[in-house]
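Q: Make a model of this:
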Amino acid sequence: MIMRAFYRSLSLLLVFFSVQTIEGGTEVNIAGWGTAIQSTTYMDGLPVNALDGISSSCTHTTIQTLPWWRLDLQKSYSVNRVSITNRLDCCSDRINGAEIRIGDVPSDVFSNPVCAVVSTIPAGLTFSYSCNGMQGRYVFVDINAPSSILTLCAVGVFVIFPDNLATGKNVTQSSTYSSWIPEQAVNFNPGLSDPSTGCSSTNSQTNPWWRLDLGHIYQVSAVVVTNRLDCCPERINGAEIHIGNSLENNGNNNPICAVISSIPAGVSATFVCNNMEGRYVSLFNPGDSKFLTLCEVEVYGQGPCLKQSLVKLKVNAGFSLSEVRLQTQLESALAQRGFSDVTLHWTQLPQQEVMRKKSEQAQCVQTIR
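A: As a prediction, this is how the structure comes out:
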């Protein structure tokens, strides 16, 4: 009993979710983003046990009429499916007849529409129930019967998110507050119930910034930013979204897509960028003693953009005309400006052009295509 309580205390520090790429987007288990309560609790059968990722750790109500368990996702989502894992030790038939409901009414179970009714789940197994995009903030599991007990060993709530260019990409920020690392802004977890596990944040500093490297140049149609729910939503006010190919000033000299006037607490705001081209997406909060906290950043667009460009160079007369040296110098110059994934090909080998003007000394102009 002591060991079990110890493991449960650890599990509260973790967020369990799964990600699966499917046609049309990415399916994510968002159950761990929410907070759970239930109608009654028997001994150590806490409602959070259905979210801790441990199949032997289950919820348990007392014997009552209409026992229920409720998950608050903090905001409304379009739910693709819900999964339930039944207990293994005994009494597997207690789940029979349970209803899965999804809606926006927190206080009345029956005001929320039914996604599915559980006929039976064999002991220790997990069954999945399609909800076909039902919209709601709250997910209920209830048994509409007298003298019943509701036990859930795991509940998954799966949502399909559109393909997000930020997924799996490299991110960095100007400084890091405690454990609020930059990767938490692109981890599919908006951190509404626990921002320390789902949000990035800098320290208080002058001109804090956060930057996403898309790896290639894309046409960015929109950037979605989710603000923190717990406190301080005004800290995002005035932040700038920059998109471009330069790393000058940490990418913050790139063109501006939008300036964030404000985002309410816990809200995801969309900023239209009209297919701005760039490899880097950065958020920059100008001013002194500023924090930059981001609970999710999503980037949508098309690409990568594969383009061919003609480049002309003018070099000093004494510069070596070596083909290899010229190419190396050009690659280095482009890399300094953020174009590191560039392949250079000569369409015309280096040639020396000599031009004379009356009695003036000849000047060499090098043209490269």
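Q: any idea how far Gln135 lies from Cys305?
A: 35 Å (CB to CB, to the nearest Å). Any C-beta I mention is one placed from the backbone N, CA and C, and that applies to glycine too.
Q: my read: Ile149 touches Thr62, true?
A: Yes. Here Ile149 lies in contact with Thr62, judged by CB atoms under 8 Å, at a distance of 7.3 Å.
Q: Could you pull out the residues contacting both of the two?
A: Both Ile149 and Thr62 are contacted by Tyr42, under the criterion CB atoms under 8 Å, 6 or more residues apart in numbering.
Q: who does the residue nearest to Glu183 when sequence neighbours are not counted bridge with?
A: Excluding its sequence neighbours, the residue lying closest to Glu183 (CB to CB, 6 or more residues apart in numbering) is Val171, at 5.8 Å. Taking DSSP bridges, one obtains Leu212 as the residues bridged to Val171.
Q: Could you check how far Val171 is from Asn187?
A: Val171 is 10 Å from Asn187, by CB to CB.
Q: try Cys231
A: For Cys231 relative to Asn187 (CB to CB), the value is 21 Å.
Q: Please identify which of the two sits among more neighbours.
A: Set Cys231 next to Asn187 and count neighbours by other CB atoms under 10 Å: Asn187 wins out with 20 against 10.
Q: So that one sits against Ile181, correct?
A: No. The criterion here is CB under 8 Å, and Asn187 misses it with Ile181 at 9.3 Å.
Q: how about the nearest residue to Trp210 once chain neighbours are set aside, what does it touch?
A: Spatial nearest neighbour of Trp210, excluding adjacent residues (CB to CB, 6+ apart): Gln173 at 4.3 Å. The contact partners of Gln173, taken as CB under 8 Å, 6+ apart, are 182, 200, 202, 208-211, 292.
Q: Can you say which of the residues you listed are buried?
A: Buried members of the contacts of Gln173, scored by 16 or more other CB atoms under 10 Å, are 182, 200, 202, 208-211, 292.
Q: Turn the residues you listed into JSON lines, including secondary structure and pLDDT.
A: Below are the buried ones among the contacts of Gln173 laid out as JSON lines (DSSP: H, G, I helix; E, B strand; the rest coil; pLDDT from 0 to 100):
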{"residue": "Pro182", "secondary structure": "helix", "pLDDT": "98"}
{"residue": "Ser200", "secondary structure": "strand", "pLDDT": "97"}
{"residue": "Thr202", "secondary structure": "coil", "pLDDT": "98"}
{"residue": "Pro208", "secondary structure": "coil", "pLDDT": "98"}
{"residue": "Trp209", "secondary structure": "strand", "pLDDT": "98"}
{"residue": "Trp210", "secondary structure": "strand", "pLDDT": "98"}
{"residue": "Arg211", "secondary structure": "strand", "pLDDT": "98"}
{"residue": "Leu292", "secondary structure": "coil", "pLDDT": "98"}
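Q: now, which of those residues sits nearest Pro113?
A: The closest of those to Pro113 turns out to be Ser200 (CB to CB; 35.8 Å).
Q: Phi and psi next, for the residue nearest to the closest one when sequence neighbours are not counted.
A: Leaving out its chain neighbours, the residue that sits closest to Ser200 by CB to CB, 6+ apart is Ala185, at 4.0 Å. Per-residue torsions, Ala185: phi -80, psi -10 (degrees, to the nearest 10).
Q: I figured Ala185 was touching Leu294, is that so?
A: Yes. Judged on CB under 8 Å, Ala185 makes contact with Leu294 at a distance of 4.1 Å.
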